[in-house]
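Novice: Model the structure of this input:
(one chain, ligands or ions: 1)
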Amino acid sequence: MKADRPIVLVGMMGAGKTSVGRRLAERLGLPFRDSDEEIEKAAGTSVADIFERFGEEEFRCAEHRVIRRLLQSGPTVIATGGGALLNEATRSQILEEADTVWLRAGLDILLRRVGAGHTRPLLSRGDPLAILRKLIEERSPVYAQAAMVVDSGIDDEDVVAGNIIQALKRHQAR
Ligand code: S3P
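Specialist: Residues are numbered from 1 along each chain as shown. Prediction:
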């Protein structure tokens with residue numbers, strides 16, 4: 001499978017976008033970028049600190065700038081933060097300029113993976129289970145705008161990466 005533009009992974013925190021994305025990039029021989037990591041590099045501080053000091057809105061602006069830049073790097077696997085698609089400008093850019101995959105996982109898996117939520121500012125605002133449930137409900141229709149959906153359940157990242165490659169092949173063949 002030969003990519004001719006960026007491949008963007010979207011979906012909830014804990015769905016495995018970073019670990020699966022890294023594996024997918026290796027298998028396709030493409031560079032890998034993680035938008036949260038790039039935001040942290042540019043800001044010189046953590047995502048949690050940006051939320052705390054400047055608020056979510058400011059974080060979404062930084063996220064938009066970083067993703068716009070990453071989309072210009074040609075074929076690259078890009079893992080986005082779970083809220084990236086909520087910003088309308090970021091969403092339309094991703095959907096237009098990349099092959100977008102929703103990495104979908106159920107509530108129990110997400111809860112297990114994000115644990116106590118220390119690094120996820122949105123989960124530190126209350127009961128992680130209730131917050132995750134609400135976010136899944138609100139965001140699923142937005143994630144569903146991705147061109148492809150691949151389930152990320154109990155399978156390891158290599159299996160999920162393989163399933164994404166199959167989905168990309170089918171998508172390209174259309
Ligand atoms: C967020 C998800 C996080 C990070 C930030 C906000 C969200 O990324 O961007 O904490 O709104 O869902 P991950 O999905 O990589 O955890």
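Novice: Show me which residues of this protein sit near the ligand.
Specialist: Residues of the chain found near the ligand (C-beta under 6 Å from any ligand atom) are Met13, Lys17, Asp36, Val47, Gly81, Gly82, Gly83, Arg120, Pro121, Leu122. All C-beta atoms are positioned from the backbone trio N, CA, C, and that covers glycine.
Novice: which residues touch the fifth one?
Specialist: Taking C-beta atoms under 8 Å, 6 or more residues apart in numbering, we find Gly81 in contact with Met13, Ser35, Asp36, Ile39, Val47, Glu63.
Novice: The ligand: which of these is nearest?
Specialist: Met13 (3.1 Å; C-beta to the nearest ligand atom).
Novice: circling back: check the residues of the chain next to the ligand and tell me the two furthest apart.
Specialist: Distance extremes for these: the farthest pair is Lys17 and Pro121 at 17.0 Å, using C-beta to C-beta.
Novice: From Glu52, how far out is Arg65?
Specialist: Between Arg65 and Glu52 the distance is 20 Å, computed by C-beta to C-beta, to the nearest Å.
Novice: Show me what the longest strand seen in the chain is packed against.
Specialist: Counting by DSSP state E, the longest strand found in the chain is strand 99-104. Counting contacts by 3 or more C-beta pairs under 8 Å, 6 or more residues apart in numbering; DSSP states H and E, strand 99-104 packs against strand 7-10, strand 148-151, helix 157-173.
Novice: In terms of neighbours, single out the busier of Lys17 and Pro121.
Specialist: Lys17 (29 against 18; other C-beta atoms under 10 Å).
Novice: Am I right that Asn87 is in contact with His64?
Specialist: Yes. If you go by C-beta atoms under 8 Å, Asn87 and His64 touch, sitting 5.6 Å apart.
Novice: and Ala173, how many neighbours?
Specialist: 6.
Novice: Check Glu88 too.
Specialist: There are 9 residues near Glu88, going by other C-beta under 10 Å.
Novice: That's all I had, so thanks and see you.
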